[in-house]
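Novice: mind looking at a prediction? Sequence and model below.
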Amino acid sequence: MKISNDKRKTLRLLIFLLSALLVMTVSAAVYNYMYMQNSNIAAEAAKVKFTTTGAADATAAGATVGTNGTYVSFNSMAGWPNSTRTYQAAIGIQNTEASPRTIELKFDLVGDWSGQTANVESITVIVRNTAGGTQQGTTITVGTAGSTTTAISIPASTTWVVEWNIKWKATALSTDKVSVKLTLIVTGE
């Protein structure tokens, strides 16, 4: 069967128009917008918080706990070159609830420490049930991204302590300093 040029052109045009219609139909979208609003979000007391209670080395470490116990800073930690300094109980982590809570202390990113990091031999952080007591979870190695205690369950009405072990390299200078940021993750509300 022979198709004339006019019929071919018409057939091609029809196929093109059908294809365009199909593409337009597939591309068309219907949107329904729905909204969510909450005008009653309240602040509440932290159920797990930092505390100097039971933290025998808090003063030596220069621990300052924020108003609500959800932040702590240290401004006096130090160490000698080629020697390890241990703050067995630099700060406490207290569960004020009547039930256990899951927590995780974490060094998240390599960018969470700065300064003369090349002159640090090692900084490790350990959560213990008491100063020098049983380790809870695994050891955090500062400088290793994602280093964590893993998820650990702190019993009801309990305070655990955080131990810091700092070792500078033998070539470190007395002017060397580093800054470190750790994150405490508390599961649940």
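Specialist: That came through, no problem.

Novice: could you pull out the helices in the protein for me?
Specialist: For the chain, the helices defined by DSSP state H occupy 5-27, 58-61.

Novice: most packed of these?
Specialist: Highest mean neighbour count among the helices of the chain (mean count of other CB atoms under 10 Å): helix 58-61, with a mean of 19. Where you see a C-beta, it was placed from the backbone N, CA and C, and this is true even at glycine.

Novice: which helix or strand in this protein has the lowest average pLDDT?
Specialist: Counting by mean pLDDT, DSSP states H and E, the weakest-scoring helix or strand in the chain turns out to be helix 5-27, with a mean of 71.

Novice: list the contacts for the residue nearest in space to the middle of the chain?
Specialist: Nearest to the geometric centre of the chain sits residue 183, at 4.6 Å (CA atoms, centre = their mean). In this structure, residue 183 makes contact with 105, 106, 107, 108, judged by CB atoms under 8 Å, 6 or more residues apart in numbering.

Novice: report the two of those residues separated the most.
Specialist: 105 and 108 (10.5 Å; CB to CB).

Novice: pick out whichever of the two has more residues nearby.
Specialist: Per other CB atoms under 10 Å, whichever of residue 105 and residue 108 has more neighbours is residue 105, with 22 against 14.

Novice: partner residues bridging the more buried one?
Specialist: Beta bridges link residue 105 to residue 184 when assigned by DSSP bridges.

Novice: that one contacts residue 162, correct?
Specialist: Yes: the pair residue 105 / residue 162 is scored as a contact, 7.1 Å apart, by CB atoms under 8 Å.

Novice: so, low pLDDT: which residues of the protein?
Specialist: 1-4, 21-28 (pLDDT under 70).

Novice: the closest residue to residue 130 other than its chain neighbours: neighbour count?
Specialist: Spatial nearest neighbour of residue 130, chain neighbours left out: residue 161 (6.5 Å); criterion: CB to CB, 6 or more residues apart in numbering. For residue 161, the number of neighbouring residues by other CB under 10 Å comes to 26.

Novice: and residue 161, what does it touch?
Specialist: Counted by CB under 8 Å, 6+ apart, residue 161 has contacts 54-56, 88-93, 127-131, 133.

Novice: strands of this protein, residue ranges please.
Specialist: 48-51, 63-65, 72-74, 84-95, 101-107, 113-115, 120-128, 135-141, 147-148, 152-154, 158-168, 178-180, 183-186 (DSSP state E).

Novice: by how many degrees do the longest one and strand 135-141 diverge?
Specialist: Direction vectors for strand 84-95 and strand 135-141, defined by axes from the mean of the first three to the mean of the last three CA atoms, to 10 degrees, enclose an angle of 130 degrees.

Novice: any idea how far strand 84-95 is from the middle of the chain?
Specialist: Centroid separation for strand 84-95 versus its chain: 19 Å, with CA atoms, centre = their mean, to the nearest Å.

Novice: partner strands of that strand, with direction?
Specialist: If you go by DSSP bridges, strand 84-95 pairs up with strand 48-51 (antiparallel), strand 158-168 (antiparallel).
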